[in-house]
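> what's the 3D shape of this:
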Amino acid sequence: LHSFPTRRSSDLLVPGHDGSVAAHAEDPSARARFPGTVTSIGNNAFARCTQLTEAVFSEGVTTIGMRAFYGLQSLTSIKLPESLTDIETRGFDGCALVTLHIPRNVKYIGPYTFAARALKSITVDSGNSVYDSRNNCNCLIETASNTLILGCQASQIPEGVVAIGEEAFELCRELTSIVLPQSLERIDMMAFQRCGLRVLEIPAGVTTIGDYAFAYNNRLRTVKVKSQTPPNIANWTFNQISDNAKLIVPAGTKEQYMSANVWKQFPVVLEDTEYQSKRTLTVMPAGSLSTLLTADEAIDIEELTLKGELNNDDFMFIRESMGEGALRIIDMTDARVIDGTTYDVLCEGAFVLMGSLEEVRLPRTLKSISRSIFTSSGLKSIVIPKSVTSIGTDVFYQCGSLSSISVEPGNPFFDSRGDCNAIIETETND
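Next up, the predicted model:
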(Lines give C-alpha, C1' and ligand atoms only; values in the text may rest on other atoms or scores of the structure.)
Protein backbone atom coordinates (compact mmCIF):
# COMPACT_ATOMS: atom_id res chain seq x y z
CA LEU A 1 0.00 0.00 0.00
CA HIS A 2 1.34 3.40 -0.96
CA SER A 3 0.58 6.74 0.62
CA PHE A 4 -0.15 9.96 -1.22
CA PRO A 5 0.81 13.18 0.57
CA THR A 6 -1.54 16.09 0.09
CA ARG A 7 -0.39 19.67 -0.45
CA ARG A 8 0.20 19.94 3.28
CA SER A 9 3.36 18.01 4.03
CA SER A 10 2.03 16.98 7.43
CA ASP A 11 -0.99 15.17 5.91
CA LEU A 12 -1.20 11.57 4.82
CA LEU A 13 -4.02 10.78 2.39
CA VAL A 14 -4.70 7.08 2.71
CA PRO A 15 -5.91 5.33 -0.47
CA GLY A 16 -8.51 2.60 -0.28
CA HIS A 17 -8.71 1.06 -3.75
CA ASP A 18 -10.37 -2.15 -2.53
CA GLY A 19 -12.30 -0.55 0.32
CA SER A 20 -9.82 -1.50 3.03
CA VAL A 21 -6.54 -0.39 4.50
CA ALA A 22 -4.70 -3.60 5.32
CA ALA A 23 -1.30 -2.34 6.41
CA HIS A 24 0.67 0.83 6.38
CA ALA A 25 4.37 1.42 6.57
CA GLU A 26 6.06 3.82 8.95
CA ASP A 27 5.37 7.38 7.86
CA PRO A 28 6.39 10.75 9.33
CA SER A 29 3.02 12.38 8.63
CA ALA A 30 1.17 13.93 11.56
CA ARG A 31 -2.38 13.58 10.21
CA ALA A 32 -4.13 10.71 8.43
CA ARG A 33 -7.18 11.32 6.27
CA PHE A 34 -9.34 8.56 4.82
CA PRO A 35 -11.29 9.04 1.58
CA GLY A 36 -14.86 7.84 1.18
CA THR A 37 -13.74 4.67 -0.60
CA VAL A 38 -12.30 3.22 2.63
CA THR A 39 -14.68 0.95 4.59
CA SER A 40 -12.31 -0.84 6.95
CA ILE A 41 -8.96 -0.33 8.67
CA GLY A 42 -7.02 -3.58 8.97
CA ASN A 43 -5.13 -5.09 11.88
CA ASN A 44 -1.93 -3.21 12.84
CA ALA A 45 -2.53 -0.83 9.94
CA PHE A 46 -0.93 2.26 11.51
CA ALA A 47 0.91 0.75 14.46
CA ARG A 48 4.26 1.99 13.13
CA CYS A 49 3.23 5.58 12.31
CA THR A 50 4.73 6.91 15.53
CA GLN A 51 4.37 10.61 14.64
CA LEU A 52 0.66 10.48 13.88
CA THR A 53 -1.27 13.01 15.99
CA GLU A 54 -4.69 13.02 14.33
CA ALA A 55 -6.87 10.60 12.37
CA VAL A 56 -9.84 11.90 10.36
CA PHE A 57 -12.24 9.16 9.27
CA SER A 58 -14.69 9.70 6.44
CA GLU A 59 -18.22 8.33 6.45
CA GLY A 60 -18.20 4.81 5.09
CA VAL A 61 -15.67 3.30 7.49
CA THR A 62 -17.43 0.51 9.39
CA THR A 63 -14.59 -1.45 11.01
CA ILE A 64 -11.32 -0.60 12.74
CA GLY A 65 -9.17 -3.69 13.16
CA MET A 66 -7.11 -5.08 16.01
CA ARG A 67 -4.19 -2.87 17.06
CA ALA A 68 -4.88 -0.61 14.09
CA PHE A 69 -3.45 2.41 15.91
CA TYR A 70 -1.84 0.53 18.78
CA GLY A 71 0.75 2.27 20.93
CA LEU A 72 0.72 5.62 19.13
CA GLN A 73 1.47 7.88 22.08
CA SER A 74 1.49 10.85 19.71
CA LEU A 75 -2.14 10.26 18.64
CA THR A 76 -4.29 12.68 20.63
CA SER A 77 -7.27 13.30 18.36
CA ILE A 78 -9.69 11.10 16.40
CA LYS A 79 -13.14 11.66 14.95
CA LEU A 80 -15.03 8.41 14.54
CA PRO A 81 -17.62 8.35 11.72
CA GLU A 82 -21.32 7.68 12.18
CA SER A 83 -20.95 4.66 9.87
CA LEU A 84 -18.63 2.87 12.34
CA THR A 85 -19.99 -0.37 13.83
CA ASP A 86 -16.96 -2.33 15.12
CA ILE A 87 -13.71 -1.43 16.88
CA GLU A 88 -11.58 -4.49 17.44
CA THR A 89 -9.32 -5.41 20.38
CA ARG A 90 -6.69 -2.80 21.30
CA GLY A 91 -7.61 -0.68 18.28
CA PHE A 92 -6.44 2.54 20.00
CA ASP A 93 -4.75 1.09 23.07
CA GLY A 94 -1.64 2.97 24.11
CA CYS A 95 -2.71 6.19 22.38
CA ALA A 96 -2.96 9.54 24.18
CA LEU A 97 -6.49 10.53 23.20
CA VAL A 98 -7.80 13.51 25.15
CA THR A 99 -11.46 13.24 24.18
CA LEU A 100 -13.52 10.32 22.95
CA HIS A 101 -17.00 10.24 21.40
CA ILE A 102 -18.64 6.93 20.50
CA PRO A 103 -21.14 7.29 17.60
CA ARG A 104 -24.63 5.82 17.70
CA ASN A 105 -24.04 2.84 15.36
CA VAL A 106 -21.07 1.30 17.22
CA LYS A 107 -22.17 -2.17 18.32
CA TYR A 108 -18.89 -3.79 19.30
CA ILE A 109 -15.85 -2.47 21.17
CA GLY A 110 -13.21 -5.13 21.80
CA PRO A 111 -11.24 -5.57 25.03
CA TYR A 112 -8.60 -2.97 25.87
CA THR A 113 -9.59 -0.85 22.87
CA PHE A 114 -8.85 2.56 24.40
CA ALA A 115 -6.37 3.85 26.98
CA ALA A 116 -7.44 6.05 29.89
CA ARG A 117 -4.03 7.65 30.39
CA ALA A 118 -4.74 11.09 28.86
CA LEU A 119 -8.54 11.06 28.53
CA LYS A 120 -10.46 13.99 29.99
CA SER A 121 -13.82 13.49 28.32
CA ILE A 122 -15.88 10.44 27.28
CA THR A 123 -19.28 10.70 25.63
CA VAL A 124 -21.58 8.28 23.82
CA ASP A 125 -24.30 9.24 21.34
CA SER A 126 -27.65 9.06 23.12
CA GLY A 127 -29.01 6.87 20.31
CA ASN A 128 -26.48 4.08 20.86
CA SER A 129 -28.28 0.90 22.00
CA VAL A 130 -25.20 -0.99 23.23
CA TYR A 131 -23.10 1.60 25.08
CA ASP A 132 -23.85 4.73 27.09
CA SER A 133 -22.32 7.53 29.16
CA ARG A 134 -25.39 8.07 31.32
CA ASN A 135 -25.82 11.24 33.37
CA ASN A 136 -22.78 12.87 31.71
CA CYS A 137 -20.60 10.54 33.77
CA ASN A 138 -17.52 10.69 31.53
CA CYS A 139 -17.46 6.89 31.39
CA LEU A 140 -18.02 4.29 28.69
CA ILE A 141 -20.57 1.77 29.98
CA GLU A 142 -21.85 -1.44 28.39
CA THR A 143 -25.56 -0.86 28.86
CA ALA A 144 -26.90 -4.42 29.12
CA SER A 145 -24.38 -5.59 31.72
CA ASN A 146 -23.91 -2.24 33.50
CA THR A 147 -20.17 -2.74 33.20
CA LEU A 148 -17.91 0.29 33.02
CA ILE A 149 -15.33 -0.53 30.36
CA LEU A 150 -13.46 2.79 30.18
CA GLY A 151 -13.01 5.74 32.51
CA CYS A 152 -10.94 8.91 32.68
CA GLN A 153 -9.68 11.48 35.17
CA ALA A 154 -13.05 13.28 35.11
CA SER A 155 -15.23 10.18 35.57
CA GLN A 156 -18.08 10.14 38.06
CA ILE A 157 -19.22 6.55 38.19
CA PRO A 158 -23.04 6.50 38.37
CA GLU A 159 -25.20 4.32 40.59
CA GLY A 160 -26.33 1.24 38.70
CA VAL A 161 -22.86 0.24 37.55
CA VAL A 162 -22.18 -3.24 38.94
CA ALA A 163 -18.72 -3.96 37.51
CA ILE A 164 -15.58 -2.09 36.49
CA GLY A 165 -13.88 -3.88 33.63
CA GLU A 166 -10.26 -4.86 33.05
CA GLU A 167 -7.86 -1.94 32.57
CA ALA A 168 -10.77 0.54 32.67
CA PHE A 169 -8.69 3.26 34.35
CA GLU A 170 -5.19 1.86 33.91
CA LEU A 171 -2.42 4.48 33.73
CA CYS A 172 -4.81 7.32 34.56
CA ARG A 173 -2.21 9.01 36.74
CA GLU A 174 -4.28 12.19 37.18
CA LEU A 175 -6.92 10.15 38.99
CA THR A 176 -6.19 10.84 42.68
CA SER A 177 -9.60 9.83 44.05
CA ILE A 178 -12.75 8.13 42.82
CA VAL A 179 -16.18 7.57 44.39
CA LEU A 180 -17.31 4.00 43.74
CA PRO A 181 -21.10 3.52 43.59
CA GLN A 182 -22.99 1.53 46.19
CA SER A 183 -24.30 -0.72 43.38
CA LEU A 184 -20.79 -1.99 42.59
CA GLU A 185 -20.21 -5.74 42.96
CA ARG A 186 -17.00 -6.50 41.08
CA ILE A 187 -13.71 -4.80 40.18
CA ASP A 188 -11.78 -6.65 37.49
CA MET A 189 -8.06 -7.17 37.11
CA MET A 190 -5.86 -4.13 36.47
CA ALA A 191 -8.93 -1.85 36.60
CA PHE A 192 -7.03 0.94 38.41
CA GLN A 193 -3.47 -0.23 37.89
CA ARG A 194 -0.84 2.56 37.87
CA CYS A 195 -3.25 5.39 38.70
CA GLY A 196 -2.60 8.25 41.13
CA LEU A 197 -5.03 7.17 43.85
CA ARG A 198 -4.31 8.42 47.37
CA VAL A 199 -7.48 7.22 49.15
CA LEU A 200 -9.85 4.42 48.24
CA GLU A 201 -13.24 3.43 49.63
CA ILE A 202 -14.65 0.06 48.56
CA PRO A 203 -18.46 -0.19 48.95
CA ALA A 204 -20.09 -2.95 50.99
CA GLY A 205 -21.52 -4.72 47.93
CA VAL A 206 -18.14 -5.49 46.33
CA THR A 207 -17.43 -9.21 46.67
CA THR A 208 -14.58 -9.75 44.18
CA ILE A 209 -11.52 -7.71 43.25
CA GLY A 210 -9.22 -8.94 40.49
CA ASP A 211 -5.45 -9.30 40.33
CA TYR A 212 -3.47 -6.05 40.08
CA ALA A 213 -6.72 -4.06 40.31
CA PHE A 214 -5.01 -1.33 42.37
CA ALA A 215 -1.38 -2.31 41.86
CA TYR A 216 1.38 0.28 41.52
CA ASN A 217 -0.68 3.10 43.04
CA ASN A 218 2.38 3.93 45.08
CA ARG A 219 0.72 6.92 46.77
CA LEU A 220 -2.29 4.91 47.95
CA ARG A 221 -2.11 5.24 51.74
CA THR A 222 -5.66 4.58 52.89
CA VAL A 223 -7.98 1.76 51.82
CA LYS A 224 -11.43 1.75 53.42
CA VAL A 225 -13.53 -1.39 53.04
CA LYS A 226 -17.22 -1.20 54.00
CA SER A 227 -18.04 -4.93 53.78
CA GLN A 228 -18.54 -6.85 57.01
CA THR A 229 -16.98 -9.86 55.26
CA PRO A 230 -13.58 -9.50 53.55
CA PRO A 231 -14.08 -9.49 49.75
CA ASN A 232 -12.26 -12.10 47.69
CA ILE A 233 -9.08 -10.58 46.31
CA ALA A 234 -6.09 -11.92 44.39
CA ASN A 235 -2.49 -12.09 45.62
CA TRP A 236 -1.37 -9.00 43.71
CA THR A 237 -4.49 -6.83 43.96
CA PHE A 238 -2.64 -4.19 46.01
CA ASN A 239 0.88 -4.90 44.80
CA GLN A 240 3.33 -2.03 45.43
CA ILE A 241 1.03 0.53 46.95
CA SER A 242 2.42 2.74 49.74
CA ASP A 243 4.59 0.90 52.27
CA ASN A 244 2.64 2.62 55.05
CA ALA A 245 -0.85 1.93 53.71
CA LYS A 246 -3.64 1.66 56.25
CA LEU A 247 -6.62 -0.65 55.94
CA ILE A 248 -9.80 0.76 57.53
CA VAL A 249 -12.55 -1.80 58.20
CA PRO A 250 -16.00 -1.76 59.85
CA ALA A 251 -16.22 -1.89 63.63
CA GLY A 252 -15.96 -5.44 64.95
CA THR A 253 -14.31 -6.91 61.81
CA LYS A 254 -10.60 -6.28 62.42
CA GLU A 255 -9.84 -9.89 63.36
CA GLN A 256 -11.59 -11.21 60.24
CA TYR A 257 -9.54 -8.98 57.96
CA MET A 258 -6.30 -9.65 59.82
CA SER A 259 -6.75 -13.36 59.21
CA ALA A 260 -8.08 -13.11 55.64
CA ASN A 261 -5.93 -13.91 52.61
CA VAL A 262 -4.00 -10.86 51.31
CA TRP A 263 -5.92 -8.41 53.53
CA LYS A 264 -3.76 -9.53 56.44
CA GLN A 265 -0.68 -8.22 54.59
CA PHE A 266 -1.60 -4.58 55.27
CA PRO A 267 0.89 -3.21 57.83
CA VAL A 268 -1.83 -1.29 59.71
CA VAL A 269 -5.44 -2.38 60.16
CA LEU A 270 -7.84 -0.07 61.99
CA GLU A 271 -11.55 -0.18 62.64
CA ASP A 272 -13.41 2.88 61.39
CA THR A 273 -14.08 3.96 64.97
CA GLU A 274 -10.30 4.30 65.46
CA TYR A 275 -9.61 6.34 62.33
CA GLN A 276 -9.84 10.13 61.99
CA SER A 277 -9.96 11.45 58.43
CA LYS A 278 -11.61 14.81 59.23
CA ARG A 279 -10.07 17.44 61.49
CA THR A 280 -11.04 20.94 62.60
CA LEU A 281 -8.21 23.07 63.97
CA THR A 282 -7.91 26.65 65.22
CA VAL A 283 -4.49 28.09 64.41
CA MET A 284 -3.37 30.86 66.77
CA PRO A 285 -0.98 32.49 66.39
CA ALA A 286 -0.40 32.34 62.64
CA GLY A 287 2.41 29.94 61.76
CA SER A 288 1.64 27.40 64.48
CA LEU A 289 -0.23 24.73 62.47
CA SER A 290 2.79 22.40 62.65
CA THR A 291 2.44 22.30 66.45
CA LEU A 292 -1.12 20.98 66.22
CA LEU A 293 -0.44 17.97 64.00
CA THR A 294 2.27 15.35 63.71
CA ALA A 295 3.46 14.37 60.23
CA ASP A 296 1.81 10.94 60.60
CA GLU A 297 -1.53 12.53 61.52
CA ALA A 298 -1.34 15.13 58.75
CA ILE A 299 -0.76 12.73 55.88
CA ASP A 300 -3.97 10.78 56.59
CA ILE A 301 -6.33 13.77 56.78
CA GLU A 302 -8.85 13.92 53.94
CA GLU A 303 -10.92 16.95 55.01
CA LEU A 304 -9.35 19.80 56.97
CA THR A 305 -11.24 22.77 58.44
CA LEU A 306 -8.99 25.62 59.54
CA LYS A 307 -9.93 28.60 61.71
CA GLY A 308 -7.88 31.34 63.29
CA GLU A 309 -4.98 32.88 61.31
CA LEU A 310 -2.79 31.28 58.63
CA ASN A 311 0.47 32.53 57.15
CA ASN A 312 3.10 31.32 54.68
CA ASP A 313 4.60 28.91 57.23
CA ASP A 314 1.24 27.19 57.66
CA PHE A 315 0.81 26.75 53.92
CA MET A 316 4.33 25.40 53.64
CA PHE A 317 3.48 22.84 56.33
CA ILE A 318 0.34 21.85 54.42
CA ARG A 319 2.31 21.36 51.18
CA GLU A 320 5.16 19.45 52.78
CA SER A 321 3.20 17.23 55.19
CA MET A 322 -0.02 16.71 53.21
CA GLY A 323 1.06 17.21 49.60
CA GLU A 324 1.70 13.50 49.14
CA GLY A 325 -1.17 12.46 51.39
CA ALA A 326 -4.93 12.04 51.31
CA LEU A 327 -6.06 15.67 51.63
CA ARG A 328 -9.01 16.42 49.31
CA ILE A 329 -10.81 19.36 50.93
CA ILE A 330 -9.60 22.43 52.83
CA ASP A 331 -12.20 24.72 54.36
CA MET A 332 -10.80 28.13 55.36
CA THR A 333 -14.14 29.96 55.35
CA ASP A 334 -13.75 31.22 58.91
CA ALA A 335 -9.98 31.76 58.84
CA ARG A 336 -7.94 34.85 57.98
CA VAL A 337 -4.81 34.61 55.86
CA ILE A 338 -1.69 36.73 56.12
CA ASP A 339 1.01 37.25 53.50
CA GLY A 340 3.96 38.73 55.35
CA THR A 341 2.28 41.44 57.41
CA THR A 342 -0.67 42.01 55.09
CA TYR A 343 -3.99 40.47 56.09
CA ASP A 344 -6.48 38.85 53.70
CA VAL A 345 -3.89 38.08 50.99
CA LEU A 346 -3.43 34.44 49.99
CA CYS A 347 0.28 33.90 49.42
CA GLU A 348 1.89 32.88 46.12
CA GLY A 349 1.95 29.14 45.44
CA ALA A 350 -0.05 28.25 48.55
CA PHE A 351 -1.30 24.93 47.17
CA VAL A 352 1.10 24.31 44.29
CA LEU A 353 1.67 20.66 43.28
CA MET A 354 -0.98 19.30 45.68
CA GLY A 355 -2.28 16.57 43.40
CA SER A 356 -4.92 15.15 45.74
CA LEU A 357 -6.49 18.51 46.59
CA GLU A 358 -9.91 18.78 44.93
CA GLU A 359 -11.73 21.59 46.72
CA VAL A 360 -10.64 24.73 48.60
CA ARG A 361 -13.16 26.94 50.39
CA LEU A 362 -11.56 30.36 50.55
CA PRO A 363 -11.83 32.76 53.53
CA ARG A 364 -14.91 34.95 53.53
CA THR A 365 -12.66 38.00 54.23
CA LEU A 366 -10.17 37.30 51.40
CA LYS A 367 -9.26 40.35 49.31
CA SER A 368 -6.32 39.28 47.12
CA ILE A 369 -5.32 35.99 45.48
CA SER A 370 -1.62 35.94 44.56
CA ARG A 371 -0.18 34.25 41.48
CA SER A 372 0.18 30.51 40.98
CA ILE A 373 -1.91 29.60 44.03
CA PHE A 374 -3.18 26.29 42.63
CA THR A 375 -0.56 25.53 39.94
CA SER A 376 -0.43 21.80 39.07
CA SER A 377 -2.90 20.86 41.80
CA GLY A 378 -5.83 18.45 41.54
CA LEU A 379 -8.37 21.24 42.08
CA LYS A 380 -11.82 20.38 40.70
CA SER A 381 -13.99 23.25 41.91
CA ILE A 382 -13.57 26.76 43.34
CA VAL A 383 -15.81 29.65 44.39
CA ILE A 384 -14.28 33.15 44.49
CA PRO A 385 -15.69 35.07 47.49
CA LYS A 386 -17.47 38.38 46.97
CA SER A 387 -14.74 40.10 49.02
CA VAL A 388 -11.96 39.42 46.46
CA THR A 389 -10.69 42.52 44.63
CA SER A 390 -7.63 41.18 42.79
CA ILE A 391 -6.54 37.87 41.25
CA GLY A 392 -2.96 37.18 40.17
CA THR A 393 -1.67 35.41 37.07
CA ASP A 394 -1.39 31.66 36.52
CA VAL A 395 -3.68 30.97 39.49
CA PHE A 396 -5.08 27.81 37.84
CA TYR A 397 -2.10 26.96 35.62
CA GLN A 398 -2.03 23.24 34.75
CA CYS A 399 -5.12 22.44 36.81
CA GLY A 400 -6.28 19.77 34.38
CA SER A 401 -9.13 18.52 36.60
CA LEU A 402 -10.75 21.92 37.21
CA SER A 403 -14.36 21.69 36.02
CA SER A 404 -16.28 24.22 38.11
CA ILE A 405 -15.42 27.93 38.64
CA SER A 406 -17.80 30.55 39.98
CA VAL A 407 -17.82 33.95 41.66
CA GLU A 408 -20.01 34.59 44.69
CA PRO A 409 -22.85 37.01 43.81
CA GLY A 410 -22.24 40.54 45.02
CA ASN A 411 -18.58 40.81 44.00
CA PRO A 412 -18.18 44.25 42.32
CA PHE A 413 -14.93 43.35 40.54
CA PHE A 414 -15.49 39.84 39.15
CA ASP A 415 -18.44 37.74 38.05
CA SER A 416 -19.37 34.44 36.43
CA ARG A 417 -22.48 35.69 34.66
CA GLY A 418 -24.87 33.21 33.11
CA ASP A 419 -23.25 30.28 34.91
CA CYS A 420 -20.42 30.57 32.39
CA ASN A 421 -17.94 28.52 34.45
CA ALA A 422 -15.37 31.31 34.16
CA ILE A 423 -14.09 34.36 36.01
CA ILE A 424 -14.85 37.65 34.21
CA GLU A 425 -13.42 41.02 35.19
CA THR A 426 -16.66 42.97 35.38
CA GLU A 427 -15.41 46.43 34.35
CA THR A 428 -13.42 45.28 31.27
CA ASN A 429 -15.52 42.21 30.40
CA ASP A 430 -12.26 40.26 30.07
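> what about the closest residue to V61 other than its chain neighbours, which SS state?
The shortest distance from V61 to any non-neighbouring residue, by CB to CB, 6 or more residues apart in numbering, is to P81 (5.2 Å). Just so you know, the C-beta spots here come from the backbone N, C-alpha and C atoms, and that holds for glycine as well. Three-state call for P81 (DSSP: H, G, I helix; E, B strand; the rest coil): coil.
> For burial, what's the neighbour tally of P81?
Counted with other CB atoms under 10 Å, residues neighbouring P81 total 16.
> can you pull the pLDDT of it?
Looking at P81, its pLDDT stands at 96.
> what does K107 give?
The model reports K107 with a pLDDT of 98.
> Count the neighbours of it for me.
K107 has 13 neighbours, counted by other CB under 10 Å.
> ok, it - contacts?
Each residue near K107 by CB atoms under 8 Å, 6 or more residues apart in numbering is listed here: T85, D86, S129, V130.
> among those residues, which are in strands?
Counting by DSSP state E, the contacts of K107 place D86 in strands.
> Which PyMOL command selects the buried ones in the contacts of K107?
Command for PyMOL, covering only those of these found buried under the criterion 16 or more other CB atoms under 10 Å:
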select buried, resi 86+130
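> so what strands line up beside the longest strand anywhere in the chain?
For the chain, the strand with the greatest residue count under DSSP E is strand 303-310. According to DSSP bridges, strand 303-310 forms sheet pairs with strand 278-283 (parallel), strand 329-331 (parallel), strand 335-339 (parallel).
> if I pick the nearest residue to T207 once chain neighbours are set aside, what's in contact with it?
Nearest non-adjacent residue to T207, counting by CB to CB, 6+ apart: P231, 5.4 Å away. Residues near P231 by CB under 8 Å, 6+ apart: I202, V206, T207, T208, I209, V225.
> Kindly report the same for G378.
For G378, the contacting residues are E174, T176, M354, G355, S356, L357, E358, C399, S401, by CB under 8 Å, 6+ apart.
> would you list those in TSV and tack on neighbour count, pLDDT and distance to Y112?
Formatted as TSV, those follow (neighbours: other CB atoms under 10 Å; pLDDT from 0 to 100; distance: CB to CB, whole Å):
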residue	neighbour count	pLDDT	distance to Y112
E174	18	87	20
T176	26	86	24
M354	25	91	32
G355	19	85	26
S356	23	86	28
L357	26	91	32
E358	19	92	29
C399	19	90	30
S401	18	84	25
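> With respect to Q153, which of those is nearest?
Distances from Q153 to those, taken as CB to CB, are shortest for E174 (4.0 Å).
> Checking my notes, the closest one in a helix, right?
No. Per three-state DSSP, E174 lies outside any helix segment and is coil.
> ok, for it, nearest residue in space, not its chain neighbours?
Spatially, and ignoring its direct neighbours in sequence, E174 is nearest to Q153 (4.0 Å; CB to CB, 6+ apart).
> For that neighbour, which three-state class applies?
What three-state DSSP gives for Q153 is coil.
> Same question for L100.
Three-state call for L100 (three-state DSSP): strand.
> Run through the residues that contact T273.
Neighbouring residues of T273 by CB under 8 Å, 6+ apart: A251.
> circling back: phi, psi for the residue nearest to T207 please.
Backbone torsions for P231, taken as degrees, to the nearest 10, come to phi -60, psi 160.
> And it, how far from Q256?
Distance, P231 to Q256, by CB to CB, to the nearest Å: 11 Å.
> circling back: out of the contacts of P231, flag the one nearest to A422.
I202 (36.7 Å).
> hang on, the closest one packs against F214?
No. With contact defined as CB atoms under 8 Å, I202 does not count as touching F214 (9.4 Å).
> In terms of neighbours, single out the busier of these two.
F214 (27 against 18).
> Assign the more buried one to helix, strand or coil.
F214 ends up coil, using three-state DSSP.
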